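J.: Just a sequence and a predicted model for now, questions to come.
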Amino acid sequence: MHEAGGLFGDYGEAVAAIIFCIPPTRWSEPVLELARLVRRDDVDLPLTTLIAAACDCLRRNGADLLVSFADWTHRHHGGIYQAASWNYAGERERRMDGVIMDGRFVPGRSANSAYGTRSPARLAERGIVAEAHYDEGKHLYWRALNKAGRAKAKRLGLACLPYPKPERETSGVSP
């Protein structure tokens, strides 16, 4: 989404963006993954508006099933997907999501791109010291864009479970 600008109002400064990709997770049927969702801090646009517009555009262009993950490692429980009425399929077990190299985390996708692997053993064969890094599990959300997407979700065994709630800090002070 962008501010108005340009001759036809379509070249203004970007204020929010949504990125979909082919997921790195292997699925037995094609799906698209909502990979990034960002908004400038000074913009009061609801991200659910951006998600809805993107879903409409994807549906018009033939997409039928979307997935996204809320990363519990960063204490994300998926509130934005809940607000956008996506379905919740549960939390997956923790997995290796990248490697630690020279004391810094390198995401699995970045390691695959740079080195052709994210396997610490294969990296060691090349003389690169890397240690496996594991996330804390991720919440899986999904949205069918049409009847074909609902059928695909059923074939993939995607559940419709109650939404998880964020953990609340206990300060010892009563509200």
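T.: Structure's in. What do you need?
J.: does Ala52 count as helix, strand or coil?
T.: When classified by DSSP: H, G, I helix; E, B strand; the rest coil, Ala52 comes out as helix.
J.: That one contacts Ala83, correct?
T.: No - judged on CB atoms under 8 Å, Ala52 makes no contact with Ala83 at a distance of 10.6 Å. Quick note: C-beta positions are derived from backbone N, CA and C, even for glycine.
J.: Give me the common contacts of these two.
T.: Here Ala52 and Ala83 have no joint contacts, going by CB atoms under 8 Å, 6 or more residues apart in numbering.
J.: Could I get the contacting residues of Arg155?
T.: Counted by CB under 8 Å, 6+ apart, Arg155 has contacts 28-29.
J.: how close does it sit to Ala148?
T.: 11 Å (CB to CB, to the nearest Å).
J.: next one: Asp10
T.: In terms of CB to CB, Asp10 sits 31 Å off from Ala148.
J.: Looking at these two, which is more packed in?
T.: With neighbours defined as other CB atoms under 10 Å, Asp10 and Ala148 compare such that Ala148 has more, 13 against 9.
J.: Tell me which residues touch that one, please.
T.: 64-65.
J.: again with Arg40
T.: Counting by CB under 8 Å, 6+ apart, Arg40 touches 15-16.
J.: Tell me where the protein has strands.
T.: 16-21, 32-39, 65-71, 87-92, 96-101, 104-107, 131-134, 138-144 (DSSP state E).
J.: So which elements touch the second one?
T.: Looking back up the chat, that one is strand 32-39. strand 16-21, helix 47-60, strand 65-71 (3 or more CB pairs under 8 Å, 6 or more residues apart in numbering; DSSP states H and E).
J.: okay, those, which one's buried deepest?
T.: Ranked by mean neighbour count, those are led by strand 65-71 with a mean of 22 (mean count of other CB atoms under 10 Å).
J.: pLDDT (mean, whole number) over that one?
T.: Throughout strand 65-71, pLDDT has a mean value of 91.
J.: Can you tell me the strand partners of it and which way each runs?
T.: strand 32-39 (parallel), strand 138-144 (antiparallel) (DSSP bridges).
J.: which residues touch the nearest residue in space to Arg150 that is not next to it in sequence?
T.: Leaving aside its sequence neighbours, Arg150 sits nearest to Ala144 (CB to CB, 6 or more residues apart in numbering; 4.2 Å). Each residue near Ala144 by CB under 8 Å, 6+ apart is listed here: 64-65, 87, 150, 152-153.
J.: where does Ala144 sit relative to Leu37, distance-wise?
T.: 19 Å.
J.: do Thr117 as well
T.: Distance from Thr117 to Leu37, by CB to CB: 29 Å.
J.: now do Asp135
T.: Distance of Asp135 to Leu37, computed by CB to CB: 18 Å.
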